[in-house]
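Enquirer: fold the stuff below for me.
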Amino acid sequence: MPLEKEIEKLVRTLALKNALDHDGKAQLDAVLSKFLGSRPDKRAEIKSLIPDIKSAVQAVNAMAPADQKALLEEIAPGELEAKKQVESGPRLPALEGAVMGRVVTRFPPEPNGYPHIGHAKAAIIDEEYARMYGGKLILRFDDTNPLKEKLEYYDAIAAGLQWLGVKPDIVKNTSDDMAKIQELGKKLVQNGGAYVCTCSQEKIRDLRSKGLPCECRRDRSTALDRIGNMFSGSYGPNDAIIRFKGDMADQNTAMRDPALFRIIEGEHPKLGSRERVWPTYDFAAPVEDSLDGVTHAMRTKEYELRNALYFAILDRLGMRKPAMIEFSRLEFEGVPVSKRKIRPLIDDGTIQSWDDPRLPTLSAFRRRGFVPEAIRKFVLSLGITLAETKPPFESLEAFNRKIIDPVSVRLFFVRDPVEVHIEGAREMEVTLKNHPTDASLGSRKVRVSDRVLVAGEDAANVKPGDEVRLIELYNIKVRDVEREDGKVKSIRAEMGGDEIRQSMPKIQWIAKNDILDFKVMIPKELYVGDEYNTKSLEMASGCAESFVSTLKPDTKVQFVRFGFCRIDGNNTAILTHR
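Expert: Okay, the predicted model is just below:
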């Protein structure tokens, strides 16, 4: 039987909107879920409607994205604009000097660790500007230190960006251009803009602090011989470096003849042992930005003093200069993004993996239950600012809660359970809604007898004579509370009325014949001040409804009166946030 016109329009609208969210391919399950949410009165007929809904989805998927967009505007005027407003959220300020279709941005992480929330901010801002102006985003791995970089980290960064929904137009490595970069380094020495220094590291540090030049800077007669020795292998690590010829008296110490190239002997993950002379970030970043056609280079405020060097190098080489945009670094109080603080915890086994939910890595946020849409909206809400503030973690939680709340199944979990014997209660089957407002998430049936479990914290707060509401069940009146060593061991109660009063305590429960031993990991601040917090991971032990065993890992749930969690597997969940 063909769909009614009203139903057909709704299904096509839902399919078109979903297709535009998934690169032109609507997801049947998602369309069905949204349909039942919009028309719960059709739940009884859904089996007979599925074939026609499936055909409608297939028809939409056969269309080009441009045609999908046009049809959505035709059959549901305003839906596309509303969708744009919801998706766009806060907008970034305009870029000075930007030309539509010609903007090129770049995200240049070093593959020496897993990407974190700070990387997310930079990558999202870079991509947003590229899309705002119809331009291009380059993902460029800044891989110029073979002692720190691993293939594992290239893959982790790529996976993190994919999860965030950041789609670079070009992917490359700085090491791809080593020959060109080295050629430009030699050119800078030959032109007198840089020199080879053979002083010890201690001497260099001492003279830089005093603002004094060394003899290597003054001796131009050996410059060409020394540059030859740099690349021929005559010098070993720490024997010589190439330094920029800046101003040793400059108040900006970044201009006091900083290192541009150094000798590093190690196995590079891409080039093996082929190269020995590697550029520093100070040289590679401006040169690569210019070679790659970057129009607007964005980086965090910590590089502010190095901007003068960035542009001075390009001036000396006669190369095109991008515009520079700076913004503040993103991290949260108690959750540092510095690898200096994180890596030792990984190396010594204090933390087992980079996706530990206490960490600020993207893999940790994903495992904890945050969704990429929330991170993007949060980042854009911060805008472009140089203010060195650490936003409250609760701000990110608020964005995430708004997104996962409508799709999270509500279940019961009781921590440190205490048995309640309800005298006079008969065995019965109750139907519990999986969501208070969205019927499309279904329901579950639970058989309840005269014994239930409640959370130890709730048990500790009741006393004889109290009347308590067992959520979505009935009221009970407490007759006796048995305690041992100050803790509640069991409670005896009797059936109460069914009237729900505002002042009445309302608590979650689990039928004793429907329990599953369950644990919830509760991540807390990783650092307190500069000290590692030895109590940064708490484990809540208790019982959950057996229904939890039907949920796959990565499912988002809300344990009533406990918090939003992500199912992690092995009868364990991770608390995302309250």
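Enquirer: run through the residues that contact the residue nearest the centre of the chain.
Expert: If you average the C-alpha coordinates of the chain and look for the closest C-alpha using CA atoms, centre = their mean, you land on Leu362, 3.8 Å from that point. For Leu362, the residues meeting the contact criterion (CB atoms under 8 Å, 6 or more residues apart in numbering) are Tyr114, Pro115, His116, Ile117, His119, Ala120, Gly160, Trp163, Leu164. Quick note: C-beta positions are derived from backbone N, CA and C, even for glycine.
Enquirer: check which helix or strand covers Arg444.
Expert: For Arg444, the enclosing helix or strand under DSSP states H and E is strand 443-448.
Enquirer: what do you get for Arg367?
Expert: Here Arg367, judged by DSSP H and E, is contained in helix 362-368.
Enquirer: so for the helix or strand just after that helix, what's the average pLDDT?
Expert: The C-terminal neighbour of helix 362-368 among helices and strands, as given by DSSP H and E, is helix 372-382. Helix 372-382 carries an average pLDDT of 95.
Enquirer: Gln68 looks like it's in a helix, true?
Expert: Yes: secondary structure of Gln68, determined by DSSP: H, G, I helix; E, B strand; the rest coil: located in a helix.
Enquirer: for Arg131, see how far away it is.
Expert: Computed as CB to CB, to the nearest Å, the Gln68 to Arg131 distance reads 19 Å.
Enquirer: the more surrounded of those two?
Expert: Neighbour count, other CB atoms under 10 Å: between Gln68 and Arg131, Gln68 has more, with 21 against 14.
Enquirer: now do the contacts for the more buried one.
Expert: Gln68 makes contacts with Leu16, Ala19, Leu20, Gly24, Val60, as judged by CB under 8 Å, 6+ apart.
Enquirer: tabulate the contacts of Leu362 (JSON lines), appending distance to Ala223.
Expert: Written out in JSON lines, the entries for those read as follows (distance: CB to CB, whole Å):
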{"residue": "Tyr114", "distance to Ala223": "42"}
{"residue": "Pro115", "distance to Ala223": "40"}
{"residue": "His116", "distance to Ala223": "41"}
{"residue": "Ile117", "distance to Ala223": "45"}
{"residue": "His119", "distance to Ala223": "39"}
{"residue": "Ala120", "distance to Ala223": "44"}
{"residue": "Gly160", "distance to Ala223": "43"}
{"residue": "Trp163", "distance to Ala223": "49"}
{"residue": "Leu164", "distance to Ala223": "46"}
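Enquirer: buried subset of those, written for PyMOL?
Expert: The command below creates a PyMOL selection of those among the contacts of Leu362 that count as buried (16 or more other CB atoms under 10 Å):
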select buried, resi 114+115+116+117+119+120+160+163+164
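Enquirer: what's the closest of the contacts of Leu362 to Ala511?
Expert: Distances from Ala511 to these, taken as CB to CB, are shortest for Trp163 (37.9 Å).
Enquirer: and that closest one, what element?
Expert: In the assignment (DSSP H and E), Trp163 maps to helix 151-164.
Enquirer: swap in Lys341?
Expert: helix 339-347.
Enquirer: just to revisit the earlier point, can you give me the buried ones in the helix holding Trp163?
Expert: When burial is assessed from 16+ other CB under 10 Å, helix 151-164 yields the following buried residues: Tyr153, Tyr154, Ala156, Ile157, Ala158, Gly160, Leu161, Trp163, Leu164.
Enquirer: likewise for stretch 545-557?
Expert: Of the residues in stretch 545-557, those with enough neighbours to count as buried (16+ other CB under 10 Å) are Glu545, Ser546, Phe547, Val548, Leu551, Thr555, Lys556, Val557.
Enquirer: could you find the closest non-adjacent residue to the fourth one?
Expert: What sits nearest to Val548 in space, not counting adjacent residues and going by CB to CB, 6 or more residues apart in numbering, is Leu516, at 5.7 Å.
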